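Q: Following is a predicted model, sequence given first.
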Amino acid sequence: MNRRDALRLMSAGAILPAVPGGALAGLPRSLVQPVGAGAPRADPYAFVLGTAQDAGFPQVGCYTDLCELGRELHARGEGRYVSSLAVIDPDADAYFLVDATPDITRQIDLIDEPGFRVRAAERRPFDGIFLTHAHIGHYTGLAVLGNEGIGVSDTPVYCTAAMADFLASNEPWAFMVRQGRIVPTPLATDVWHRVGDRLEVQLWPVPHRDEFADTVGFVFRGPSRTLLFLPDIDDWRAWERDLATTVTALDVALLDASFWSLDELPGRTIDDLPHPLIGQTMDRLQDVVDRGETEVVLTHLNNSNPALDPDGPERAEIDRRGFVVAREGMRFGL
């Protein structure tokens with residue numbers, strides 16, 4: 001089995017210990033962790049909870065071949081969920097959620113750290129929640145943490161000042177704030193903030209459709225590595241940072257991969273839902289990937305994106321070029 005085939009197995013959720021060891025040579029170490037094995041117990045890590053665009057995969061009212069594939073995956077227990085991460089320090093029994101999605105109930109079932117379910121039973125699953133912005137897939141999961149759901153208390157929600165004001169000023173989020181369920185906690189952008197004994201975070205503003213608040217990506221830094229989570233941006237050209245230079249300074253970058261082609265959404269245009277195309281992102285980062293400097297992982301795939309098909313030509317092209325499509329259960333050491 002060659003490197004490309006191993007990448008396809010990995011992004012499809014295959015059990016990697018069954019892959020001959022030689023096939024994994026040259027793959028990033030963080031990507032060859034099987035879903036049940038985890039990073040070394042003492043090391044913080046980021047854990048992929050979801051990889052799909054805000055409305056999920058399959059999407060409501062969608063009966064294309066791709067969405068039917070999404071239903072089959074869920075029926076097999078291999079479903080894709082809306083884009084999200086957990087950042088975990090098992091040694092400190094610390095758990096952070098990155099974006100609270102409509103799929104949160106099933107997503108947090110994926111966290112297999114023994115202490116997590118104890119924490120959840122005590123109604124304190126998270127030490128904090130990070131929100132990138134105010135589009136439906138990124139914050140509406142907060143609802144089930146309130147009165148009708150688990151009923152958390154005094155949980156910090158780390159975000160920008162604009163996002164904190166949005167939560168405090170609009171129901172039902174404002175009700176959760178008044179009840180003391182969530183505590184909007186604005187953080188300044190472009191500076192490091194310590195959020196745990198061995199974890200720091202930085203907020204990077206990104207241009208996106210900011211109808212209700214603003215948008216950021218998060219850079220997480222642990223004892224050994226840095227990881228960028230940036231699931232949404234309008235256009236790399238509109239960003240104040242140079243993408244290749246920025247990514248080169250990181251160890252892992254999980255980036256917006258919403259669309260493969262402008263032809264995916266009949267009746268709508270990229271102006272309605274602006275995102276960079278996967279090919280554009282790969283072209284900008286090909287030299288970085290070829291040098292092996294950073295693990296570039298594609299996430300936040302729309303239900304129309306043919307890269308969701310692990311057997312399709314688009315996925316083969318991504319694999320051939322050395323990029324990786326994110327999959328639930330991936331772990332990246334920090």
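A: Arrived safely, thanks for sending.
Q: Now do the helices in the stretch 151-300 of the chain.
A: Using DSSP state H, counting those that start in this stretch, the helices of the stretch 151-300 of the chain run over 161-169, 173-178, 243-248, 278-290.
Q: Below-threshold pLDDT in the stretch 151-300 of the chain: ranges please.
A: Filtered on pLDDT under 70, the stretch 151-300 of the chain yields the residue ranges 266-273.
Q: what do you get if the cut-off is 90, keeping everything else the same?
A: The model of the stretch 151-300 of the chain has pLDDT under 90 over residues 207-213, 232, 234, 261-275, 293.
Q: Next: the stretch 1-150 of the chain.
A: 1-43, 114, 133-137, 147.
Q: which stretches of it form helices?
A: Using DSSP H, counting those that start in this stretch, helices in the stretch 1-150 of the chain cover 3-11, 65-75, 104-107, 114-121, 136-139.
Q: Would you mind finding the most buried of those?
A: Mean neighbour count (mean count of other Cβ atoms under 10 Å) peaks for helix 136-139 among those, with a mean of 22. The way it works is simple: take the backbone N, C-alpha and C, and place the C-beta from them, glycine included.
Q: With just CA atoms, put that one into PDB.
A: Below are the C-alpha coordinates for helix 136-139, written out as PDB (Å, rounded to 0.1, in the frame of the first residue of the first chain):
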ATOM      1  CA  ILE A 136     -25.400  28.500  13.000                       C
ATOM      2  CA  GLY A 137     -22.900  25.700  12.900                       C
ATOM      3  CA  HIS A 138     -20.600  27.300  15.400                       C
ATOM      4  CA  TYR A 139     -22.600  28.400  18.400                       C
END
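Q: export the helices of the stretch 151-300 of the chain to a markdown table and tack on distance to D54?
A: Shown next, in a markdown table, are the helices of the stretch 151-300 of the chain (distance: least, Cβ to Cβ, whole Å):
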| stretch | distance to D54 |
| --- | --- |
| helix 161-169 | 16 |
| helix 173-178 | 17 |
| helix 243-248 | 23 |
| helix 278-290 | 17 |
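Q: of those, which approaches D210 most closely?
A: With Cβ to Cβ, the closest approach to D210 among the helices of the stretch 151-300 of the chain belongs to helix 161-169: 7.9 Å.
Q: Could you tell me which residues within that closest one count as buried?
A: 162-164, 166-167 (16 or more other Cβ atoms under 10 Å).
Q: again with stretch 187-206
A: 187, 195-196, 198-206.
Q: which outside residues touch that stretch?
A: Stretch 187-206 has contacts (Cβ atoms under 8 Å, 6 or more residues apart in numbering) with 44, 87, 89, 92, 94, 96, 127-128, 130, 158-160, 214-223, 228, 230, 232-233, 239-241, 334.
Q: go with 6 Å
A: Identification of contacts with stretch 187-206 by Cβ atoms under 6 Å, 6 or more residues apart in numbering yields 44, 89, 92, 94, 158, 215-223, 233.
Q: Same question for stretch 66-83.
A: 13, 50-52, 56-58, 101-103, 107, 137, 231, 299-300, 303, 308.
Q: so who does the residue most central in space within the chain touch?
A: Using Cα atoms, centre = their mean, the residue of the chain that lies closest to the mean C-alpha position is S84, 3.8 Å off. Shown in contact with S84 (Cβ under 6 Å, 6+ apart): 49-50, 99, 101, 107.
Q: returning to what we had before: L262 is nearest to which of the helices of the stretch 151-300 of the chain?
A: Among those, helix 278-290 sits nearest to L262 (Cβ to Cβ), with 10.6 Å.
Q: gap between that closest one and the chain center?
A: Relative to its chain's centre, helix 278-290 lies at 19 Å (Cα atoms, centre = their mean, to the nearest Å).
Q: hmm, back to that, now the residue nearest to the centre of the chain: how far from D109?
A: 13 Å (Cβ to Cβ, to the nearest Å).
Q: okay, the helices of the stretch 1-150 of the chain in JSON lines with distance to E328 next?
A: What follows is the helices of the stretch 1-150 of the chain, written out as JSON lines (distance: least, Cβ to Cβ, whole Å):
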{"stretch": "helix 3-11", "distance to E328": "10"}
{"stretch": "helix 65-75", "distance to E328": "10"}
{"stretch": "helix 104-107", "distance to E328": "8"}
{"stretch": "helix 114-121", "distance to E328": "16"}
{"stretch": "helix 136-139", "distance to E328": "15"}
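Q: G292 is nearest to which of the ones you listed?
A: Of those, nearest to G292 by Cβ to Cβ is helix 3-11, at 12.0 Å.
Q: between the buried residues of stretch 187-206, which is nearest M330?
A: Of the buried residues of stretch 187-206, the one sitting nearest to M330 (Cβ to Cβ) turns out to be L199, at 18.5 Å.
Q: Quick check: phi and psi on that closest one?
A: phi -130, psi 130 (degrees, to the nearest 10).
Q: returning to what we had before: most neighbours, which of the contacts of S84?
A: Compared across the contacts of S84, G50 has the highest neighbour count, 30 neighbours, by other Cβ atoms under 10 Å.
Q: ok, back up a step: which one of the helices of the stretch 1-150 of the chain lies closest to F323?
A: helix 3-11 (8.7 Å).
Q: Nearest to A143, out of the helices of the stretch 151-300 of the chain?
A: Among the helices of the stretch 151-300 of the chain, helix 173-178 sits nearest to A143 (Cβ to Cβ), with 8.1 Å.
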